[in-house]
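Novice: What follows is a predicted protein model with its sequence.
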Amino acid sequence: MHFIKGKKYTSYIEVDGFKFKKEVTRKEFLINIVIKTLNNELIDDIDISDIDFVDQVDDLLGLSIYNYIENQTDELDKIMAYFAKGGRF
C-alpha cells in the first residue's frame, strides 16, 4: 500500500485561468476526491472505489468545475482569468 489511509493529498489545478484545490484522501474502502476554490468553497465531493469508473468520475469533476465557472463567476472574473493566464501572448 503506497498511499497512507486517512492522509489527504492536496494539489492545485487550473481550468480556464481559474485555480482550484483538489484534495484526494484514501479511506478504508474508497478514495474521496474534493474540489474547492482557493477560499475553500466546496465545488464537488465524490467517492470512488472501482477503477472502472475513474474516467466517469474525472468527467463529473470537470463538469462541476465548468458549472462553477459558468454560474459563480461574472464577466470581469472571466476577463481577469483570461489575462492572468497569459492571454494570447
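Specialist: Thanks, I have it.

Novice: Quick check: residue 19 touching residue 38?
Specialist: Yes. If you go by Cβ atoms under 8 Å, residue 19 and residue 38 touch, sitting 5.7 Å apart. Glycine gets a C-beta too; all of them are placed from N, C-alpha and C.

Novice: quick one, which of the two is more surrounded?
Specialist: Comparing residue 19 with residue 38 by other Cβ atoms under 10 Å, the one with more neighbours is residue 19, at 13 against 10.

Novice: pLDDT score for the more buried one?
Specialist: Per-residue pLDDT puts residue 19 at 96.

Novice: What is the three-state secondary structure of the spatially most central residue of the chain?
Specialist: Among the residues of the chain, the one closest to the centroid is residue 35, at 3.7 Å (Cα atoms, centre = their mean). Following DSSP: H, G, I helix; E, B strand; the rest coil, residue 35 is assigned to strand.

Novice: where exactly do the helices run in this structure?
Specialist: Along the chain, counting by DSSP state H, helices occupy 54-72, 75-84.

Novice: Quick one: mean pLDDT over the last one.
Specialist: For helix 75-84, the mean per-residue pLDDT is 93.

Novice: Measure how it sits relative to helix 54-72, angle-wise.
Specialist: 120 degrees (axes from the mean of the first three to the mean of the last three Cα atoms, to 10 degrees).

Novice: quick one: common contacting residues for residue 19 and residue 38?
Specialist: Residues touching both residue 19 and residue 38 (Cβ atoms under 8 Å, 6 or more residues apart in numbering): residue 12.

Novice: hang on, the earlier thing: the residue nearest to the centre of the chain bridge partners, please.
Specialist: For residue 35, the beta-bridge assignment (DSSP bridges) gives partners residue 22, residue 44.

Novice: Show the pLDDT at it.
Specialist: On the pLDDT scale, residue 35 gets 98.

Novice: Nothing else from me, thank you.
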